[in-house]
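Q: test case, fold it:
(4 chains)
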Protein chains: 2
Amino acid sequence: MGTTQLETVPEPKYWHLKTVLSEALDSEFSVGEILPNERELAARFGVARATLRQALEQLELEGRLQRRRGVGTTVAPPRVGVDVGTEQHAWPGAAGDAWQPVDCVQDVPPASVADVLGTGRDEPVHTVRRSRVSHGQPVAAELLYIPASSVPDLSAIDAPSGPARARAVLRELQRLELDGQERAVELGSARADDAKELDRLPGAPVLVVTTRFTAGDGIAALSVATYRADTCRLTFGDSAGVEIHHGPERQAS
Amino acid sequence: MGTTQLETVPEPKYWHLKTVLSEALDSEFSVGEILPNERELAARFGVARATLRQALEQLELEGRLQRRRGVGTTVAPPRVGVDVGTEQHAWPGAAGDAWQPVDCVQDVPPASVADVLGTGRDEPVHTVRRSRVSHGQPVAAELLYIPASSVPDLSAIDAPSGPARARAVLRELQRLELDGQERAVELGSARADDAKELDRLPGAPVLVVTTRFTAGDGIAALSVATYRADTCRLTFGDSAGVEIHHGPERQAS
DNA sequence: TAGTGGTCTAGACCACATC
DNA sequence: ATGTGGTCTAGACCACTAT
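A: The predicted structure is shown next:
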């Protein structure tokens, strides 16, 4: 017959569910409001719980929902813009940066890090842990790898670890002349330690921002920062306040 | 009793599985190699298929695996660095940019886009579709929204749509003086049309790069580009060639 | 047509937060 | 103790690719 092939595309249930839920979030729910629990939602839509969860997972990935074990599923606020500026010509730890030193140890880094730094795979480097908070919520966890050669004069510091040592190492780093920095962003999943710091479960999606700080002949420091992908929008430049969002958004009363 | 709380943390099976598989990928598989199918892998590890899939999903998210329906699961090559440069002081469509015009129509944009552009929610704008290819693979799909006021002199173009019109609109855009651009990166899931262009299933994780091009008093154009999150590492500056990776990597024979 | 990954079901139990 | 989301199972069927 001459009929044109009609839409033989059976849209997956979870995909359709996601659309329906998304529209409901725009029109019937406010930020912070708690949704019915998964068992009830599944029953209400006439699907298995696993199918419902597939839709919720996507909505959480898109930053529309927030799920917490033992608590429930809530409507997430719009993603917060986090500046990861393009050309702050400053070392990590410079006055006014957004990070807070947590700890510092001397340790052998992962092989991939050692390769980038150009240090030996068995050579320990200063490893500084920092965390970044925005609007009262932890948004990122960072590991900063600094070869011993970048901060040669650490004789005055006796603390073997802790935030005090972290601050001392960062202070020493400022003495070097910074040539430039190169950034890359990719998707990853949170390691157990980062997940804990970000108040998420291990494996949660994160945006991994890798920054190589160059000075003189090589890499003087390497930062690997993991941002919560569900709550963060990384901004470059001064567009931190802008909102690219989906629809109406009200505030819970 | 005085015993210290011993590790009562039962690691989820899929998490452990992921670790085991990840190590196997490093040591026993080459890039491009096909893994045993899911049913066999599940049987081999003594878990349900759904559990195995949870591990595979994470590994795919991290860019370690590539799964294609009807074909199988293969070991993915390292992510390709894609430059989304910080300060190309040029309009989209300028000579030598990485994008290829696909189509152009005049259409009413999503409300969120209209709000950013400052156009009315019912006002149609030029909507240019472009695609970006790297190493023979499609890596990104873009929608470029250009208010009619940004390209006033389109009288010479009679084609109502198609790549020819796209090129014409972009050419007109070059006449404006570009003041600056502001970028943001966030996680999203591919819409059906983008998914098709990226050769993925709808809902696949993507990195959404939003760029506002400013000229004079306001936003002269808005680009929303979706990059495959599994295969791409977005680079800023000249670090496109660098590899931050996990372990040994061999080539399939 | 055979084999792959993708979707879906109807259960069960577990870890966690809260009361 | 209760209720939430997180994990896991053992099936079934579907959509797609290749032969």
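Q: which SSE is the residue nearest to A:G237 when sequence neighbours are not counted in?
A: With sequence-adjacent residues excluded and distances taken as CB to CB, 6 or more residues apart in numbering or on different chains, A:G237 is closest to B:E182, at 4.6 Å. Quick note: C-beta positions are derived from backbone N, CA and C, even for glycine. Following DSSP states H and E, one finds B:E182 within strand B:180-189.
Q: show me what that strand is packed up against.
A: Helices and strands touching strand B:180-189, by 3 or more CB pairs under 8 Å, 6 or more residues apart in numbering or on different chains; DSSP states H and E, are helix A:49-61, strand A:205-215, strand A:232-236, strand B:205-215.
Q: and stretch A:183-198, how far from the chain's centre?
A: For stretch A:183-198, the distance from its own C-alpha centre to the chain's C-alpha centre is 6 Å (CA atoms, centre = their mean, to the nearest Å).
Q: show me what counts as buried in that stretch.
A: By neighbour count on 16 or more other CB atoms under 10 Å in any protein chain shown, the buried set for stretch A:183-198 is A:183-190, A:194-195, A:197-198.
Q: so which pair among those is furthest apart in space?
A: Spatially, the most separated pair among these is A:R183 and A:A195, at 22.9 Å (CB to CB).
Q: can you give me the domain boundaries for chain A?
A: Structurally, chain A divides into domains by automatic domain parsing as follows: A:13-75, A:80-250.
Q: is stretch A:27-36 anywhere near chain B?
A: No. Using CB under 8 Å from any CB of the partner chain, we find that stretch A:27-36 stays clear of chain B, coming within 13.2 Å at best.
Q: mind checking pLDDT for A:L144?
A: Confidence per residue is given as pLDDT, and for A:L144 that number is 97.
Q: hang on, A:L170 in a helix?
A: Yes. Using DSSP: H, G, I helix; E, B strand; the rest coil, the assignment for A:L170 is a helix.
Q: show me the contacts for it.
A: If a contact means CB atoms under 8 Å, 6 or more residues apart in numbering or on different chains, then A:L170 has A:91-93, A:101, A:128 as its contacts.
Q: give me the low-pLDDT residue ranges for chain A?
A: Under the criterion pLDDT under 70, the flagged ranges of chain A are A:1-9, A:86-89, A:155-157, A:238-253.
Q: the stretch 51-200 of chain A against chain B: which residues are in contact?
A: So far as CB under 8 Å from any CB goes, the stretch 51-200 of chain A lies against chain B at A:58, A:61-63, A:79, A:81, A:86-87, A:110-113, A:116, A:180-189.
Q: the contacts of A:L170 in strands, which ones?
A: Judged by DSSP state E, strands contain the following of these: A:101, A:128.
Q: with the contacts of A:L170 in mind, which one is nearest to A:G162?
A: With CB to CB as the yardstick, the closest approach to A:G162 among the contacts of A:L170 comes from A:P101, at 9.1 Å.
Q: my read: A:P109 touches A:D122, true?
A: No. Assessed by CB atoms under 8 Å, A:P109 is found out of contact with A:D122, at 10.2 Å.
Q: higher neighbour count, those two?
A: Taking neighbours as other CB atoms under 10 Å in any protein chain shown, A:P109 and A:D122 compare with A:P109 leading, 23 against 8.
Q: which of the three states applies to the more buried one?
A: Quick answer, by three-state DSSP: A:P109 is coil.
Q: enumerate every residue touching it.
A: A:117, A:119, A:125, A:127, A:145.
Q: ok, now A:Q106?
A: Residues in contact with A:Q106 (CB under 8 Å, 6+ apart) are A:124-127, A:148.
Q: PyMOL command to pick out the buried ones of the residues you listed?
A: In PyMOL, a selection of the buried entries from the contacts of A:Q106 looks like this (16+ other CB under 10 Å):
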select buried, chain A and resi 125+126+127
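Q: please identify the most buried of the domains of chain A.
A: By mean neighbour count, with neighbours taken as mean count of other CB atoms under 10 Å in any protein chain shown, domain A:80-250 ranks first of the domains of chain A at a mean of 18.
Q: does that one reach DNA strand C?
A: No. Residues of domain A:80-250 contacting DNA strand C under CB under 7 Å from any atom of the strand: none, with a closest distance of 8.7 Å.
Q: go on, stretch A:48-68?
A: Yes. Using CB under 7 Å from any atom of the strand, stretch A:48-68 reaches DNA strand C at A:48-51, A:54, A:68.
Q: ok, back up a step: save the helices and strands packed on strand B:180-189 as a markdown table, and put in distance to B:L35 too.
A: As requested, those are exported to a markdown table (distance: least, CB to CB, whole Å):
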| stretch | distance to B:L35 |
| --- | --- |
| helix A:49-61 | 23 |
| strand A:205-215 | 23 |
| strand A:232-236 | 33 |
| strand B:205-215 | 20 |
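Q: which among these is found nearest to B:T231?
A: Distances from B:T231 to each of the helices and strands packed on strand B:180-189 were compared using CB to CB; the shortest belongs to strand B:205-215, at 10.5 Å.
Q: need the CA coordinates for that closest one. PDB is fine.
A: Taking C-alpha atoms only, strand B:205-215 is exported to PDB below (Å, rounded to 0.1, in the frame of the first residue of the first chain):
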ATOM      1  CA  PRO B 205      25.000  11.400  28.900                       C
ATOM      2  CA  VAL B 206      26.300  14.500  27.200                       C
ATOM      3  CA  LEU B 207      28.300  17.600  28.100                       C
ATOM      4  CA  VAL B 208      26.200  20.600  27.300                       C
ATOM      5  CA  VAL B 209      28.300  23.700  26.400                       C
ATOM      6  CA  THR B 210      26.300  26.900  26.400                       C
ATOM      7  CA  THR B 211      27.900  29.900  24.800                       C
ATOM      8  CA  ARG B 212      26.500  33.400  24.900                       C
ATOM      9  CA  PHE B 213      27.900  35.700  22.200                       C
ATOM     10  CA  THR B 214      27.700  39.400  23.200                       C
ATOM     11  CA  ALA B 215      27.700  42.300  20.900                       C
END
